[in-house]
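Colleague: Please find the sequence and the predicted model below.
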Amino acid sequence: MSRNLVFITGGSSGIGLALARTVPFDDVQIYDISRRGSDDFDHIAADLANPESWDVLGEFFVQQIQGYAGERVVFVHCAGTLDPIGFAGEVSASAYKRNVLLNSAAPQVLGDAFLDAAHRTRAQCHLLMLSSGAATHAYEGWSSYCAGKAAVNQWVSTAGAEQVLRGNHCRVLAVAPGIVATAMQAEIRNTPADRFPQVARFKEMYEHGQLRDPETVAREIWALLDRDLPNGAFVDLREPTA
């Protein structure tokens, strides 16, 4: 049995893959929960925009965590999507539904499932959810994405407070990584201005080399586990105090 157990959704690309590659623990078992998977880590195939996958993952959490006698269990939820970019009422209804399920519903349901499984071990548990500045700022064309990240922040704040009241050993955090050089940023830059009016700002940041390196961001996220942050905290890595 490994001393550390790590679950990462969206671990096959972007920040999720960077997190998997920079796990700072020795003797660790890493599970990438994603559609595509990676050759470097154990892959649990799941389409998290499909609610049928949520119960399967809840059962998987229990199977892996129940009675776990290691040192630490970490679940980092990174999976998310901007698709479809465009104004509400003007995009594909089916794509919009998938966005809402993945960005708003999946984090809450999977977070709940992880906390349930965490009750079944005495190991130190951490639940980190990737948030965004979009949680607190309106970006025209991203209505479902902005709403999803706001939901993540509120869920983390409330679930963290509940953990404190119950005296439980799982710390829940939300973290906004800033503007990171991932495929999502390329998708943003390729979006027409009539679907995303603020696209010029993102192109300018790219042209001026202002996008952050994924592995640098990943190391900063892992470093949060060593800080004395309150349960339910929201951390924006762009802030000086972060």
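Modeller: Good, I have the coordinates.
Colleague: tell me, what residue is most central in the protein?
Modeller: residue 78 (2.5 Å; CA atoms, centre = their mean).
Colleague: For that one, give its distance to residue 167.
Modeller: Counting by CB to CB, to the nearest Å, the gap from residue 78 to residue 167 is 29 Å. The C-beta positions use only the backbone N, C-alpha and C, and glycine is treated the same way.
Colleague: quick one: the residue lying farthest from the centre of the chain and residue 205, what's the gap?
Modeller: Farthest-out residue of the chain from its mean C-alpha position, per CA atoms, centre = their mean: residue 194, at 28.4 Å. The gap separating residue 194 from residue 205 is 20 Å, by CB to CB.
Colleague: and if you look at residue 233?
Modeller: From residue 233 to residue 205 the distance is 26 Å (CB to CB).
Colleague: now swap in residue 36 and tell me
Modeller: Computed as CB to CB, the residue 36 to residue 205 distance reads 27 Å.
Colleague: Could you check which of those two has the larger neighbour count?
Modeller: Neighbours per residue, other CB atoms under 10 Å: of residue 36 and residue 205, the larger number sits with residue 205, 15 against 11.
Colleague: Read off the pLDDT value for the more buried one.
Modeller: Looking at residue 205, its pLDDT is 96.
Colleague: Equivalent analysis for residue 240, please.
Modeller: 65.
Colleague: thinking again about what came up before, for the residue farthest from the centre of the chain, which three-state class applies?
Modeller: Under DSSP: H, G, I helix; E, B strand; the rest coil, the three-state class of residue 194 is coil.
Colleague: Much appreciated, bye for now.
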